[in-house]
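Peer 1: Prediction below, plus the sequence it came from.
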Amino acid sequence: MSTTNNLATVRAQIDELDEKIQNLITQRAGLATEVAQAKYAQETKPVFYRPEREVEVLRNVIARNKGPLSNETLTRIFREIMSDCLALQQPLKIAFLGPAGTYSQAAVYKHFGHAAQNIPLQTIEEVFREVEAQTANYGVVPVENSTEGGVNQTLDGFINTSLKICGEIELPIHHHLLANVDKVEQIQRIYSHQQSLAQCHHWLNSHLPQVERIAVNSNAEAARRAFNEAGTAAIAGQMAADIYQLRIIASRIEDNINNTTRFAVLGQQEIPPTGGDKTSLLLSTPNQPGALYDLLEPFAHNQVNMTRIESRPSRQGIWEYVFFVDIEGHIQDAPIVNALQTLAKYTGLIKHLGSYPRAIL
Ligand SMILES: O=C(O)C(=O)C[C@]1(C(=O)O)C=C[C@@H](O)C=C1
């Protein structure tokens, strides 16, 4: 068979499959509206977004995957399908630290797909407030970066909020040097968020040691300035480059190639166990010898794996420090129930910030 014939035959097969795929997606969307009816019938205040179900769907996708498409690609496609199915039930409003083009927005797209309505806000505090006020259904806030550590505004937000963490998102962070200049020598100033400047510190020292570095509120704001001011560059992500029409002068300039930011999804609901969960707690100890040991011992004794511990000043005068602790498992798991029972004897405060499915890819 000639190449032309071959091409035509394969394309005919693709057309056939596309028709099937489209019919199946349409059928699936129909089922999603049936799910909505079932929720209205069964629940007084129906909850449409179900992270525990979404993660089950995605884990099934990964388990079935035999290639050639990667797990990342297939989960991205299925997330988008679920995003649109969910939008048929309830169009979600998601608050995050704006402006458009921030890594937080990339995290929103990764987790909620493109059917959700984006609400960019000016501060992390506002993200908490809008979700508390139910002006937004969910919020996405950065918790920690693998190079730079915890995001203090988010940790402080957890101290006072009644919201629950109902999901986590892990986003690999790739920083690019963006500008509309012809030569690197024309760059006189570089704008970026303080954390991004720190994450590219070595690269900047070796490639552009003389250029002034200026910290601004967000990477997207940096990109906006680079677009408007001659002789300036920004360190930001691909999305900011697209939005502000900037050229990538140098790509992936982060000092650590595994640079990743972890985000929390804030909401009003408690998520049931999925068999692959994490739990976030806020704990405090009295200021006395052995207090930190008493706080850690019940987890070790009950074989609960702690994935993170971080301290912050409590700002309340009663306790000097509070501890943010992440553990593997769900608050309903027996080892965690037992650990918390013991812990209650020693600590002044145990606040359950949420139990949620571990980030998928
Ligand atoms: O199973 C549900 O509860 C649905 O609403 C369906 C569905 C899906 O498309 O698979 C959509 C949104 C939910 O967040 C979870 C799953």
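Peer 2: Alright, I've got the coordinates. Residues are numbered from 1 along each chain as shown.

Peer 1: any idea how far Asp333 is from the ligand?
Peer 2: Relative to the ligand, Asp333 is positioned 23 Å away (C-beta to the nearest ligand atom, to the nearest Å). The C-beta positions use only the backbone N, C-alpha and C, and glycine is treated the same way.

Peer 1: actually Pro51, not the one I typed
Peer 2: 7 Å.

Peer 1: For that residue, grab the count of nearby residues.
Peer 2: Neighbour count of Pro51, defined by other C-beta atoms under 10 Å: 20.

Peer 1: Go ahead and confirm it touches Val265.
Peer 2: Yes. Using C-beta atoms under 8 Å, Pro51 is in contact with Val265, at 7.4 Å.

Peer 1: Identify the contacts common to these two.
Peer 2: Both Pro51 and Val265 are contacted by 166-167, 356, under the criterion C-beta atoms under 8 Å, 6 or more residues apart in numbering.

Peer 1: Please enumerate the helices of this protein.
Peer 2: 3-42, 51-64, 71-89, 103-112, 124-132, 152-160, 194-199, 201-207, 219-228, 238-243, 291-301, 334-343 (DSSP state H).

Peer 1: I'd like those written out as a markdown table, with mean pLDDT and distance to Ile271 added.
Peer 2: Formatted as a markdown table, the helices of the chain follow (pLDDT from 0 to 100; distance: least, C-beta to C-beta, whole Å):
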| stretch | mean pLDDT | distance to Ile271 |
| --- | --- | --- |
| helix 3-42 | 94 | 16 |
| helix 51-64 | 98 | 5 |
| helix 71-89 | 97 | 15 |
| helix 103-112 | 96 | 14 |
| helix 124-132 | 97 | 15 |
| helix 152-160 | 92 | 16 |
| helix 194-199 | 91 | 29 |
| helix 201-207 | 96 | 37 |
| helix 219-228 | 94 | 30 |
| helix 238-243 | 92 | 28 |
| helix 291-301 | 92 | 21 |
| helix 334-343 | 96 | 14 |
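
Peer 1: Quick one: those as a markdown table, columns for distance to Pro273 too.
Peer 2: What follows is these, written out as a markdown table (distance: least, C-beta to C-beta, whole Å):
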| stretch | distance to Pro273 |
| --- | --- |
| helix 3-42 | 20 |
| helix 51-64 | 8 |
| helix 71-89 | 20 |
| helix 103-112 | 20 |
| helix 124-132 | 23 |
| helix 152-160 | 21 |
| helix 194-199 | 33 |
| helix 201-207 | 41 |
| helix 219-228 | 36 |
| helix 238-243 | 34 |
| helix 291-301 | 18 |
| helix 334-343 | 10 |
